[in-house]
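Novice: coordinates only, sequence not included:
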C-alpha cells in the first residue's frame, strides 16, 4: 500500500480503523445539529439513501482534496440539485462540516494540526465551489 500523504485521506483511513460505517455517526450528528433535516429523509430501516449520499460526498471530498480528476465536480452539481429540493445552500455546505466534525471526534488524539488545517482549507474551497453556483 502506498504511503498516504494527503491529510484528508489520512483522516478517513484513521476513522475507518475506528468505525466500520460512518453513516450512523454522520447522520446522528446532522440530525442533532440540524433537526430540520430529519424530515428530508425517508426512514426505511436500511438507510440506503443516507449511505449512498455519504459515499458520494466522501468520494467527492477525496477527489477535491487530492488529484481533482473530476469527481469533485459532484459537489457543485449536488448543490444545484439540492436547491431544487428546497435545501438551503448553507445547510448543504454544512454537511461537509458535519463529516469533518464526525471524523475529528472519532480520531480524538490522532486529529493532528495538519489534518485540521487541511480540513479548514478544504471547507473554504467547498464554500467557494458550492457557494459560487448559488
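Specialist: Great, that's in hand. Because the structure is a prediction, the values reported are computed rather than measured. Numbers count the residues shown, from 1 in each chain.

Novice: all helices for this protein, in order.
Specialist: 7-18, 22-33, 48-65, 73-85, 89-107, 113-131 (DSSP state H).

Novice: got those helices as CSV, with mean pLDDT, mean neighbour count and distance to residue 40 columns?
Specialist: Backbone N, C-alpha and C define where each C-beta goes, glycine included. Listed next are the helices of the chain as CSV, based on pLDDT from 0 to 100; neighbours: other Cβ atoms under 10 Å; distance: least, Cβ to Cβ, whole Å:
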stretch, mean pLDDT, mean neighbour count, distance to residue 40
helix 7-18, 95, 17, 24
helix 22-33, 94, 17, 10
helix 48-65, 87, 17, 10
helix 73-85, 77, 15, 8
helix 89-107, 94, 19, 9
helix 113-131, 91, 15, 17
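
Novice: between those, which one is nearest to residue 41?
Specialist: Of all these, it is helix 48-65 that lies closest to residue 41, at 6.2 Å by Cβ to Cβ.

Novice: show me what the closest one is packed up against.
Specialist: Helices and strands touching helix 48-65, by 3 or more Cβ pairs under 8 Å, 6 or more residues apart in numbering; DSSP states H and E, are helix 7-18, helix 22-33, helix 73-85, helix 89-107, helix 113-131.

Novice: need the ones you listed in JSON lines with distance to residue 59, can you?
Specialist: Shown next, in JSON lines, are the helices and strands packed on helix 48-65 (distance: least, Cβ to Cβ, whole Å):
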{"stretch": "helix 7-18", "distance to residue 59": "11"}
{"stretch": "helix 22-33", "distance to residue 59": "13"}
{"stretch": "helix 73-85", "distance to residue 59": "7"}
{"stretch": "helix 89-107", "distance to residue 59": "12"}
{"stretch": "helix 113-131", "distance to residue 59": "14"}
